[in-house]
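>>> quick one, fold the following:
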Amino acid sequence: MKMQGAGKQMKVKKGWVGVKVGLGNANDDQIQEYSAFQTFSIPISHLYNPLFQRLLDKASEIYGYQSSGPLMLPCSVEDFLHLRWRIENVNY
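Coordinates of the predicted model:
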């Protein structure tokens, strides 16, 4: 799977999903301050984690469900990295 955004392409391994993380503003189909977002690849298994699902719920409220690129996540990069660490290092 290849993703495009901000003039760059990113390959995502099978079983992984690309996400854009940041606190920009959404305006219909166009994301303002697109350069304020950082791109990450995460295992699909993260999407089933209850902590991550709360972030996905927030993303659907802000950005909606339709997307022509990577999944947009409305949080700071620092918060995302902490969430990813918790998912990878704490058993539920």
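>>> helices along this structure, start to end?
Assigned by DSSP state H, the chain shows helices spanning 50-63, 77-89.
>>> nearest to Phe40, of those helices?
When those are compared by C-beta to C-beta, helix 77-89 sits nearest Phe40, at 7.2 Å. (C-beta placed from N, C-alpha, C; glycine too.)
>>> how about low-confidence regions in this structure?
Residue ranges of the chain with pLDDT under 70: 1-10, 24-35, 91-92.
>>> nearest approach to Ile42 belongs to which of the helices of the chain?
helix 77-89 (6.7 Å).
>>> CA atoms of the closest one as CSV?
Written as CSV, here are the backbone C-alpha positions of helix 77-89 (Å, rounded to 0.1, in the frame of the first residue of the first chain):
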residue,chain,number,x,y,z
VAL,A,77,2.7,13.6,18.4
GLU,A,78,3.9,13.4,22.0
ASP,A,79,0.6,12.0,23.1
PHE,A,80,0.5,9.6,20.2
LEU,A,81,4.0,8.3,21.0
HIS,A,82,3.0,7.8,24.6
LEU,A,83,-0.2,6.0,23.6
ARG,A,84,1.7,3.7,21.3
TRP,A,85,4.2,2.9,24.0
ARG,A,86,1.4,2.1,26.4
ILE,A,87,-0.3,-0.3,23.9
GLU,A,88,3.0,-2.0,23.2
ASN,A,89,4.2,-2.3,26.8
